[in-house]
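Participant: Starting from these lines, generate the structure:
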Amino acid sequence: MRPPSGAAFLLAQLGAHTSNLFAARLAELGLSPAHVGVLRIVGQSPGLSQQALSERLGAVPSRVVKLVDELEARGLVERRRSETDRRNYALHIADGAAAEVAAVRRAVGAHDSAVVKSLTAQELETLLVLLRKIAEAEGLNAEVHPGYGARGDRSG
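Facilitator: I've put the predicted structure just below:
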């Protein structure tokens, strides 16, 4: 049996560090990583129901309702009656939220750039290939941060 490589510890250390930095960056916008995760999925899938969003996130429905309530209060997300089932609401990025959504995108991009700034383009490509391979082998959903299921307060 070979001795531990330290890779798991380094991944955990970097994960915690980058998560904390991301949360701090988003706090400047008055948002949490979980809010941004909801915005990302709603932006990618307009018209998604709260139930479907909950399933995609792997989060309990009550947590998703709270997040959507908070985003709706901020004018970032709208609930609209579903055109196919009037008992349900379809989620959409709110009209007039473009400037705030753009600020979130800039924050996400700046965070990503800051995290990998010490890598060359080739090193970054290699890292991404290897991280995707590990994530796939672990059965992780590349779309969703696993914290939604465990604590419900983090996003990817």
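Participant: which residue of this structure sits farthest from its center?
Facilitator: residue 1 (37.2 Å; Cα atoms, centre = their mean).
Participant: pLDDT score for that one?
Facilitator: With respect to pLDDT, residue 1 has a value of 86.
Participant: Let me see the contact set for it.
Facilitator: Residue 1 sits next to no residue when contact means Cβ atoms under 8 Å, 6 or more residues apart in numbering. Quick note: C-beta positions are derived from backbone N, CA and C, even for glycine.
Participant: Next one: residue 148, what pLDDT does it get?
Facilitator: On the pLDDT scale, residue 148 gets 65.
Participant: State the distance from residue 61 to residue 46.
Facilitator: 20 Å (Cβ to Cβ, to the nearest Å).
Participant: Kindly report the same for residue 144.
Facilitator: 18 Å.
Participant: same thing with residue 120?
Facilitator: For residue 120 relative to residue 46 (Cβ to Cβ), the value is 37 Å.
Participant: These two: which is more packed in?
Facilitator: Per other Cβ atoms under 10 Å, whichever of residue 120 and residue 46 has more neighbours is residue 46, with 12 against 9.
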